[in-house]
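>>> sequence below, structure please.
(2 chains)
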Amino acid sequence: MAIVGKFGLSEADLRKRDQARQQGSTLYRGWLLGATAIALGIIVLILGTILVRGIPALSWQFLSQPPTDGMTGGGIWPQIRGSLVLMGGTFAVVLPVGVLGGVYLAEYAGNGRWVRLVRGAVTSLAGTPAIIYGLFGFAVFVISMKLGISVLAGWLTLATFALPVIVLNTENAIKLVPESLTEAAYALGLSRCQTLYRVVLPHALPGIVTGVVLSSGRAAGEATPILLTAGIYYRSGAAPTGMEMLRKGTENLPYHLAEGYRQGGKIPEKTIWGTCLVLMLLVLVINFAAILIRARARQKQIA
Amino acid sequence: MEALIYASGGVVIVTILAVVYYLTHESKYAYERKFDYGYRVALQPVSGQYEKDLSLDPYATLVTANKEGLDGLDEKEETVPMPTLEELSGGATFGTGTPLSGDLAKVDPSKLYRDDWRAQKPANVGQRFLVFGFATPEYKSDKMAIAWAPDASFNSELAPFDLHLRLVRAPSSVTVQPIDIDLKRQPEGRMELPSYVATSDEARTEGYVFALEATPTSSTAAAVSGGIFRSEWDPTGSYPKFGFVPLLMGTFLITLLAILFASPFAIATAVYLSESAPSRVREWVKPVIELLASVPTVVLGYFGLMLVAPFLQNTLAKAVGMDSGRALLTTSLIMAVLLIPTITSVAEDALRAVPQSMRDGGEALGLTLKERLRKIVLPAAKGGLTAAILLGMARAIGETMIVWILGGGAPLLPTFHGVKDTVGNLMKPVTAAPDTVAREMGNVDFQGVHYGHLFLLGLTLFVLTLVINIVGYRLGRRNAWQS
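Next up is the predicted model:
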């Protein structure tokens, strides 16, 4: 009562003020909710539109036939195949280097000045624009190593693009392994190597695999790095097979869309929506696969 | 096995160094630039009919050192001899130019070829181009004038040399003051001269002799470095211009607008998810938002092109005028969509890193949600929230396909004359640095000057995003409640 008197406020004033505060808070909550709803709405709108507009274009023929009539008809099978080839190869190239590199940073490198610098550099490279990797791949793989516009150059470029993310991700996953586990392993007389294989890696595996799969997926959807290194829009004659395939460029979904735009939009709208949907689904399926792998591994660990 | 791990660590380190090395290494080709120049010089009558626009004067001499040559010229014309008086009869005060070194006294007019500039010699500094000036007998009673003007888009300010138009020799029959015109100070002009009439073909070279001379003022490297700060990007013109300003301005505008559009929603979503949403809601909403992060940007670009651009064009065209749906506004809107998941995700992590005890303390003091957030949680997470916006910026700066598809591909330098004009900038096409690199890299001369400049532009982008990423990363790690 004394405080109320001191500030010249009656109890009614205080109650009023309290009410205003509560109201303000409710409004605030409403604003947060509204903004979230709008953000979510935009996302659902975009994903929904691509789904709704893309589905009518889908058919077995669309997925299994090459384009015809100067890219205006037919299907997009070579593009899908090319995307899968690029993604698979990238995955194979980057997986060992990225994961072992992450293990190196987490377990072997220590925390010296140089290592901190390298770690900082890896972190920064993870946020470096894709076009920089495109330039790099063009100068190094296409030109200096004389690979030309080829699947091989595309693999290496995309692997460089995905590498920093995978290294960081692996390092983080390993650092999340509880210290008590490694200490217990050492206490049991296991060597550093044995600890790594028997304890640390199995525990960190779900996180590592998720990271690798996710960044391969992102690499598969990115058009920029392959613009200058692996993409071809139109192929005359049959697709090469075997080793020859690696020395030649390949059609692929993101490049098909990007180059189709550059060439002046001859592709009918329906086909574009269909291609967008297929590309989106490809990436989403990979993401779901990553989530599944993670969930499986978690269950196994608990069991 | 340990060896393999060390080897992989080595590969990672080598990769990092290689990226930096190659970007720098290929940029050096920008510094092999040779600066070209082009000037038109004409001898004209003073009182008779003459062409004021020198590019239309058939008797004007184009003194150019442009290794690319000029459009529309027939190579066969390279060896057109200097016209004789007979050929010139019917009029004309005449000057003709030739890149000539050696003794002036030994010049043989029959060996002079008109317009030897078509030999496409590079603009070596110190090279001297001569213009011989005389009047045909028909112009006996008239005075003559020398007129000069730069070729179409040539701008001597860019060049690392001074250009001078000098009178090297006057005909013995007249007395004139020495002439020495600094073309940087006086890029175009016209000056009267006492007439010199050539009465025979031999006398064509015995009249006025003017020289266009280049004297070095700074190093080529300095000129190249200075050139990238200029406000025109025209890499394929007769006199290429490699100013990064319009491209980086496009990057800046798109990034700024996208952040302005995206961050209120993204931060509010992050705050809602971390502070107010029931855990069930969060479990659903967060993956949906992250789903968007995995949509390829080329798909987002096409979404904007096929739906947003026509929509904006139809609704805004009447109100403010919009030539095409491909504009700064469209690009920034779609870019904002791309940024929502990035910013939300990082911001939410930052908010969740604020210790629960701080919120509990606020609640124990009877603070409402709004007060808890504004007085405790948001200030505590300030660094992380700034980091979220910075990382969003880095993403927007580097994004290629959205700008490529939606920007319209023309450089934009915004103007601010009143409200309408300022808003009008939103409706103009725009191009940014990454999409320019992607678009032009496919058709450049390998390891040429343009190629070098694209790498230099890439290096600029790399450094820009590097700095932003490092600052963002540091801010994200440092938390206010710990300091």
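>>> how many residues are close by the residue of the stretch 151-300 of chain A found nearest chain B?
Among all residues of the stretch 151-300 of chain A, A:Gly221 sits closest to chain B, at 3.2 Å; criterion: CB to the nearest CB. All C-beta atoms are positioned from the backbone trio N, CA, C, and that covers glycine. Counted with other CB atoms under 10 Å in any protein chain shown, the neighbours of A:Gly221 add up to 22.
>>> pLDDT score for B:Arg230?
With respect to pLDDT, B:Arg230 scores 87.
>>> can you check B:Thr342 too?
88.
>>> quick check: next helix or strand after the helix or strand hosting B:Ile181?
Per DSSP states H and E, B:Ile181 falls inside strand B:180-182. Sequence order places strand B:189-193 as the next helix or strand after strand B:180-182, per DSSP H and E.
>>> the strand holding B:Ile181: which residues count as buried?
B:Ile181 (16 or more other CB atoms under 10 Å in any protein chain shown).
>>> thought the residue of the stretch 151-300 of chain A closest to chain B was touching A:Val283?
Yes - assessed by CB atoms under 8 Å, A:Gly221 is found in contact with A:Val283 at 4.6 Å.
>>> overlap of the contact sets of these two?
B:294-296 (CB atoms under 8 Å, 6 or more residues apart in numbering or on different chains).
>>> closest one of those to B:Val176?
B:Pro296 (71.0 Å; CB to CB).
>>> show the contacting residues for that closest one.
A:221-223, A:254, A:279-280, A:283, B:401.
>>> so which of those is the closest to A:Gly24?
Of the contacts of B:Pro296, the one sitting nearest to A:Gly24 (CB to CB) turns out to be A:Met280, at 41.5 Å.
>>> now do the buried residues in the strand or helix carrying that closest one.
Per DSSP H and E, A:Met280 falls inside helix A:269-302. Residues of helix A:269-302 classed as buried: A:271-280, A:282-284, A:286-287, A:290, A:293-294, A:297 (neighbour count, 16+ other CB under 10 Å).
>>> follow-up on the earlier one: okay, the contacts of B:Pro296 in a markdown table with distance to B:Pro83 next?
Formatted as a markdown table, these follow (distance: CB to CB, whole Å):
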| residue | distance to B:Pro83 |
| --- | --- |
| A:Gly221 | 65 |
| A:Glu222 | 61 |
| A:Ala223 | 57 |
| A:Pro254 | 60 |
| A:Leu279 | 65 |
| A:Met280 | 68 |
| A:Val283 | 69 |
| B:Met401 | 56 |
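>>> among the residues you listed, which one lies nearest to A:Phe161?
Nearest to A:Phe161 among these, with distances taken as CB to CB, is A:Glu222, at 6.9 Å.
>>> the closest one - nearest residue in space that isn't next to it in sequence?
Spatial nearest neighbour of A:Glu222, chain neighbours left out: A:Ala130 (5.2 Å); criterion: CB to CB, 6 or more residues apart in numbering or on different chains.
>>> what of B:Phe265?
A:Ala39 (4.4 Å).
>>> in what helix or strand does that neighbour lie?
Using DSSP H and E, A:Ala39 falls in helix A:11-54.
>>> and the helix or strand following that helix, what does it pack against?
From helix A:11-54 onward toward the C-terminus, using DSSP H and E, the following helix or strand is helix A:60-64. On a contact count with 3 or more CB pairs under 8 Å, 6 or more residues apart in numbering or on different chains; DSSP states H and E, helix A:60-64 meets helix A:77-103, helix A:269-302.
>>> could you export these as TSV, including distance to A:Leu205 and mean pLDDT?
As requested, the helices and strands packed on helix A:60-64 are arranged in TSV below (distance: least, CB to CB, whole Å; pLDDT from 0 to 100):
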stretch	distance to A:Leu205	mean pLDDT
helix A:77-103	10	87
helix A:269-302	6	82
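>>> can you put these in JSON lines and add distance to chain B?
JSON lines is the format used below for the helices and strands packed on helix A:60-64 (distance: least, CB to the nearest CB, whole Å):
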{"stretch": "helix A:77-103", "distance to chain B": "3"}
{"stretch": "helix A:269-302", "distance to chain B": "5"}
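>>> give the burial count for B:Ala432, as a bare number.
Neighbours around B:Ala432, by other CB under 10 Å: 31.
>>> spit out the contact partners of it.
Here B:Ala432 is in contact with B:247-248, B:250-251, B:254, B:403, B:407 (CB under 8 Å, 6+ apart).
>>> identify the residues contacting B:Tyr50.
Per CB under 8 Å, 6+ apart, neighbours of B:Tyr50: B:44, B:57.
>>> which strand or helix spans it?
Going by DSSP H and E, B:Tyr50 is not in any helix or strand.
>>> any idea how far it lies from chain A?
Taking CB to the nearest CB, to the nearest Å as the measure, B:Tyr50 falls 46 Å from chain A.
>>> leaving out the residues flanking it, which one is nearest to the residue of chain B at minimum distance from chain A?
Closest residue of chain B to chain A, CB to the nearest CB: B:Gly398 (2.3 Å). Using CB to CB, 6+ apart and skipping residues adjacent in sequence, the residue nearest B:Gly398 is A:Pro129, 2.3 Å away.
>>> distance of B:Lys143 from B:Gln44?
10 Å (CB to CB, to the nearest Å).
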